[in-house]
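Asker: Provided below are the primary sequence and the corresponding predicted coordinates.
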Amino acid sequence: MLQIGDIAPNFSLPNQGEQIVHLSDFRGKKLIIYFYLKDDTPACTKEACSFRDRYKDFQKQNAEILGISCDSPKSHREFIDKFNLPFQLLSDCNTKIANQWGAYGEKNVYGRNYMGIHRMTYLIDECRKIKYIFLKVSPAGHASEVLSKLNCLC
């Protein structure tokens, strides 16, 4: 898993419009990269909408938000349209990036073990250095929590 202080590795993933997005496209901006389980599910919707509702506050801090899940670009498009999300969602269908970033692994829910995405968020500075990692994220209030840490970087 990546650690605080590491340089965030570059990636290339399709967004909701099937355009390839590279981490390096955001040079000079702070980044919030959040991994989530599935489009249009209750907890993931709550998390995405909390980022949506605070999006202008993130922009004032020169920060961009990217959500990453295993869902398809089409699913992301529908999720964005349904909830008017102002940021990009990226498709990691083969979980390569989630694995590389430590956001994919064994999970245990109600005594059942399976492999899946772990809800987590990375806060990255303008030089691609990882400044903070949020593990085991609770969707309620998460955007405010991230914004609070982001404000400490300025």
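Answerer: Received the coordinates, thanks. Numbers count the residues shown, from 1 in each chain.
Asker: going forward, measure contacts between C-alpha atoms and count neighbours the same way
Answerer: Will do.
Asker: Contacts only, for the spatially most central residue of the chain.
Answerer: The geometric centre of the chain, computed from its C-alpha atoms, lies nearest to Y34 (C-alpha atoms, centre = their mean), at 1.7 Å. Applying C-alpha atoms under 8 Å, 6 or more residues apart in numbering to Y34 gives the contacts 65-68, 119-122.
Asker: Show me what M120 bridges to in the sheet.
Answerer: When assigned by DSSP bridges, M120 has beta-bridge partners F35.
Asker: same thing with the one 10 residues further on?
Answerer: Beta-bridge pairing of I130, defined through DSSP bridges, involves I124.
Asker: Could you report the distance from R112 to Y34?
Answerer: As judged by C-alpha to C-alpha, to the nearest Å, R112 and Y34 stand 25 Å apart.
Asker: now do K74
Answerer: When K74 is compared with Y34 (using C-alpha to C-alpha), they lie 19 Å apart.
Asker: what about N113, which helix or strand?
Answerer: strand 112-117 (DSSP states H and E).
Asker: Tell me what angle the worst-scoring helix or strand of the chain on mean pLDDT forms with strand 112-117.
Answerer: The helix or strand of the chain with the poorest confidence is strand 104-109; it has a mean of 84 (mean pLDDT, DSSP states H and E). Relative orientation of strand 104-109 versus strand 112-117 (axes from the mean of the first three to the mean of the last three C-alpha atoms, to 10 degrees): 140 degrees.
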